[in-house]
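Student: model this:
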Amino acid sequence: MSGVAVAGRAPALQLLCAGAVKGLVEALRERFRAGRGATIDARFGAVGAMREALLAGAPCDVLVVTEAMLAELREQNRIAAAPLVPIGEVRTGVAARAGDALPRIDSAASLKAALLGAPALYVPDTVRSTAGRHVVSVLERLGLAAELAARLSEHPNGATAMRALSESGAPAALQARARIFECGLKAAQARKRPSSASMRTVSPASPPPLAMADSKTQG
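Tutor: Below you'll find the predicted structure:
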């Protein structure tokens, strides 16, 4: 680990991590500390933001982003050449405030109708986040990108978008979010969210899987 040990404090693993994996990291903190005698100093956010942080020189022992992004960084000699380790798949979903009716989204037609009927769509960063880029792709495939552009409310990541949705007064507003499905975890566990929101899966189509790699210090 590259983290510097401070007197009286356990060494820390420096982690730059996609926000979709935050729940898994938090669940493993104590096990990692007990087994390794070290803590996890994690920074979470959109994968694009994590890439920017790495390239800007942020401390990093392990980077968790999309497989394609890791492959690109490895070609640029920005991360170690060790094999990439897959973590899981990211699915995109729709969330609505508790108490609001969940729309039907079991077909392209019903999803299109649900999106058209929503006065606002709360989405993660459509440039730097995996889920945000996927939302744009879905809207384009449904022929709704131009029509719904003015209704998009962009936020740095899925967590802030969901918080904004839960605090909004807009009726039937929807939020696109991503979640990580870890091996060995049931979907019900992966779907846990604050009581202010409820969630349903959007479609089988999903963004790229997430993977991790060791980073390397650049000279």
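Student: How about residue 52: what's its closest non-neighbour residue?
Tutor: residue 128 (7.7 Å; Cβ to Cβ, 6 or more residues apart in numbering). C-beta coordinates here come from the backbone N, C-alpha and C atoms, glycine included.
Student: Spit out the contact partners of the one you found.
Tutor: With contact set as Cβ atoms under 8 Å, 6 or more residues apart in numbering, residue 128 has these partners: 46-49, 52.
Student: again, only using 10 Å
Tutor: Counting by Cβ atoms under 10 Å, 6 or more residues apart in numbering, residue 128 touches 45-52, 156-157.
Student: Report the separation between it and residue 64.
Tutor: Applying Cβ to Cβ, to the nearest Å, the value for residue 128 to residue 64 is 15 Å.
Student: same deal with residue 12?
Tutor: Distance of residue 12 to residue 64, computed by Cβ to Cβ: 16 Å.
Student: Who has more neighbours out of those two?
Tutor: Comparing residue 12 with residue 64 by other Cβ atoms under 10 Å, the one with more neighbours is residue 64, at 26 against 20.
Student: Can you give the strand pairings for the longest strand along the chain, parallel or anti for each?
Tutor: Counting residues, the longest strand found in the chain (DSSP state E) is strand 85-97. Sheet pairing here is set by DSSP bridges, and for strand 85-97 it gives strand 174-182 (antiparallel), strand 197-201 (antiparallel), strand 210-214 (antiparallel).
Student: Just checking: what are the partner strands of the helix or strand harbouring residue 63?
Tutor: Assigned by DSSP states H and E, residue 63 falls within strand 62-66. Here strand 62-66 is paired, per DSSP bridges, with strand 12-18 (parallel), strand 210-214 (antiparallel).
Student: Spell out which residues make up each domain of this protein.
Tutor: Domain assignment for the chain, taken from automatic domain parsing, gives 12-88+209-214, 89-201.
Student: Could I get the ones you listed in a markdown table, plus columns for mean pLDDT?
Tutor: Output for the domains of the chain, formatted as a markdown table (pLDDT from 0 to 100):
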| stretch | mean pLDDT |
| --- | --- |
| domain 12-88+209-214 | 88 |
| domain 89-201 | 72 |
